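J.: missing the sequence, but the structure's below:
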C-alpha cells in the first residue's frame, strides 16, 4: 500500500529528473549527434509507466480502506462490499503495468549501452 506508493513515487521522480538532465546535457554536447532515439523513448515510456503504477498503488490504499470499513461495519450498517475478483483484477493490472515499464526501461538501457560499446569500439579501430 503506502510503502509501495512512496517507493514508486520516489524512484519515478528520480528517474524522471535523471532522464531530464540526460536529455538537456546530451543535446548541448557535440555536433548534433545525440543518443539513440529508441533508448530515449523506451526509457521515457518506462518512467511514465512508473508514474502510472504509482497512482495505481494509491488505488490499492483506497481499496484497502474500503475493505477495512466493510470489516469494521456494524451488523446492520450498509457498506459496499468489494468482490474478490475486483481485487484480483486490480492487482493483475498493476503487475502488468509494472512489467511493461520494467521491460521498456531495460530495453532502453540495453540500447544505450549498445550504442556506448559501439562508440568505444569505433574510436579504437
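T.: Nice, I can see it. Note that this is a predicted model, so its numbers are computed, not measured. Numbers count the residues shown, from 1 in each chain.

J.: Return the list of helices and strands in contact with the longest helix seen in the chain.
T.: Taking DSSP state H as the criterion, the chain has its longest helix at helix 84-124. Helix 84-124 sits against helix 37-72, with contacts defined as 3 or more C-beta pairs under 8 Å, 6 or more residues apart in numbering; DSSP states H and E. For the C-beta atoms, the positions are set from N, CA and C on the backbone; glycine is no exception.

J.: buried sites along the helix it packs on?
T.: Within helix 37-72, the residues that count as buried by 16 or more other C-beta atoms under 10 Å are 39-40, 42-47, 49-54, 56-58, 60, 63.

J.: tell me the angle of that helix relative to helix 84-124?
T.: Here the directions of helix 37-72 and helix 84-124 differ by 160 degrees (axes from the mean of the first three to the mean of the last three C-alpha atoms, to 10 degrees).

J.: quick check: mean pLDDT across helix 37-72?
T.: For helix 37-72, the mean pLDDT works out to 88.

J.: what's near enough to touch residue 1?
T.: By C-beta atoms under 8 Å, 6 or more residues apart in numbering, the contact list for residue 1 reads 57, 60, 61, 64.

J.: CSV for those residues, including distance to residue 83?
T.: Listed next are the contacts of residue 1 as CSV, based on distance: C-beta to C-beta, whole Å:
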residue, distance to residue 83
57, 20
60, 16
61, 18
64, 15
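
J.: of all those residues, which comes closest to residue 116?
T.: Among the contacts of residue 1, residue 57 lies closest to residue 116 (C-beta to C-beta), at 33.2 Å.

J.: Pull the contacting residues for that closest one.
T.: If a contact means C-beta under 8 Å, 6+ apart, then residue 57 has 1, 4, 5, 8, 94 as its contacts.

J.: Before I go, just wanted to say thanks for your time.
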